[in-house]
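Chemist: I need the structure of the sequence given here:
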Amino acid sequence: MRHMPPHVDGVGSAFAGLNAGKDSMAIDLKKPEGVSLVLSMVERCDVFVEAFRPGKMAALGLGAEDLHGVNPKLVICSLSGYGQKGSMADAAGHDINYLAHAGLLGLFGPADGPPAVPGVQIADVGGGSLQAAIGVLAALMEREKTGKGRHLDISLMHGSLAFGAVSLAGAAAGFSEARGTGILSGGGACYGNYETADGRYLAFGALEPRFFATFCHLAGTPELADKGFAWGEAAADTIEALRALFKSRTSSDWLELCAGHDVCLTLVRSAEEIMDDPELAGTVKRVDGFRVVTAHVGAETETPTRGPSALGADAPAVVERLDLPREHLRAAIDSGALTWKGAQE
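Modeler: I've put the predicted structure just below:
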């Protein structure tokens, strides 16, 4: 990701956004001196996160048993596509593959077309990092009571299923629903995206009958007021009527008409538009001249003071902070297992 375009000052923008403020330490885990150095770091840490294929860390001498051998209180978080065990454990994959295998990708897109590729990484961020953060926090609380660490097996595919809880409920109850026909997936008149006269789109989410009725009365179409909650074939005529209705005015006209009323109507904004929204300033922050989207956790969080580091650039700072054993450090430097800018010192 350091090299994946588009770039910011020569660094991939996605890498820059995800790694602002983080320290970088480069260790060759194929060398025993590198493994020894990592184990000495583990003695001084609370959480260890890894995202290798299942079994790789154990083969390197850094499996859960090895890590807990030097620090029984350690919380280990293993992130993988399909989990540490099972028929898919060793399969390669990316976000689209995990969503497909979880049955979620098939929910995206219109009924008369192929599944749509989501514009965001649902499995990576939602099924992976979000579930990992929750699991790690829970394990740390558990450790306070038991004094013992834990090994978390976070599967991006399994973790993604939580995002389909509502959409998959029908299938769990024995109902079959084609893509794009459910009330929440594009088949409902009261819940969808509608194009306006100026070529913009408005997201319409008037699920409550009174919200839909309010909109219809404001729009001058009271005859549609009781037809919002239908979906599938029963909603086809209403959807077509709404498409024609929304295209009769511009997006700003609609937003002005509905302002102050509970109709659940919002402009579909672009990524560029949200960057300068002052109400998002606490989440979209500037770091070293570029913008970083930070996690929103309900409280003000510390803003990173610098962008991403060059690979291995922060090894001296990490070593000093953890007060690592000098013999392990020297062996790692001399063997080339540790990238060390100040090795000559």
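Chemist: Please make it C-alpha for all contacts and neighbour counts, starting now.
Modeler: Noted.
Chemist: all helices of the stretch 201-345 of the chain, in order?
Modeler: Here the stretch 201-345 of the chain has its helices, by DSSP state H, counting those that start in this stretch, at 209-219, 236-246, 251-258, 271-275, 315-322, 326-335.
Chemist: Just name the most buried of those helices.
Modeler: By mean neighbour count, with neighbours taken as mean count of other Cα atoms under 10 Å, helix 209-219 ranks first of the helices of the stretch 201-345 of the chain at a mean of 18.
Chemist: and the angle from it to helix 251-258?
Modeler: 110 degrees (axes from the mean of the first three to the mean of the last three Cα atoms, to 10 degrees).
Chemist: ok, residues contacting helix 209-219?
Modeler: Residues outside helix 209-219 that contact it (Cα atoms under 8 Å, 6 or more residues apart in numbering) are 190, 206, 222-226, 228-229, 257-258, 261-264.
Chemist: Pull the most distant pair out of the residues you listed.
Modeler: Across the contacts of helix 209-219, the longest distance by Cα to Cα is 22.2 Å; it joins Phe229 and Leu257.
Chemist: where's the helix or strand of the chain with the lowest mean pLDDT relative to the chain centroid, distance-wise?
Modeler: Using mean pLDDT, DSSP states H and E, strand 290-293 stands out as the lowest-scoring helix or strand of the chain, at a mean of 80. Computed by Cα atoms, centre = their mean, to the nearest Å, the separation of strand 290-293 from the middle of its chain amounts to 16 Å.
Chemist: picking up where we left off before, buried only: go through the contacts of helix 209-219 for me.
Modeler: Listed as buried from those are Cys190, Ala206, Leu224, Ala225, Gly228, Phe229, Cys258, Val263, Cys264; burial here means 16 or more other Cα atoms under 10 Å.
Chemist: any idea how far the third one is from Ala213?
Modeler: The reference is to Leu224. Using Cα to Cα, to the nearest Å, one gets 8 Å for the distance from Leu224 to Ala213.
Chemist: The last one now?
Modeler: According to Cα to Cα, Cys264 and Ala213 sit 12 Å apart.
Chemist: what does the fourth one give?
Modeler: Going from Ala225 to Ala213 by Cα to Cα gives 4 Å.
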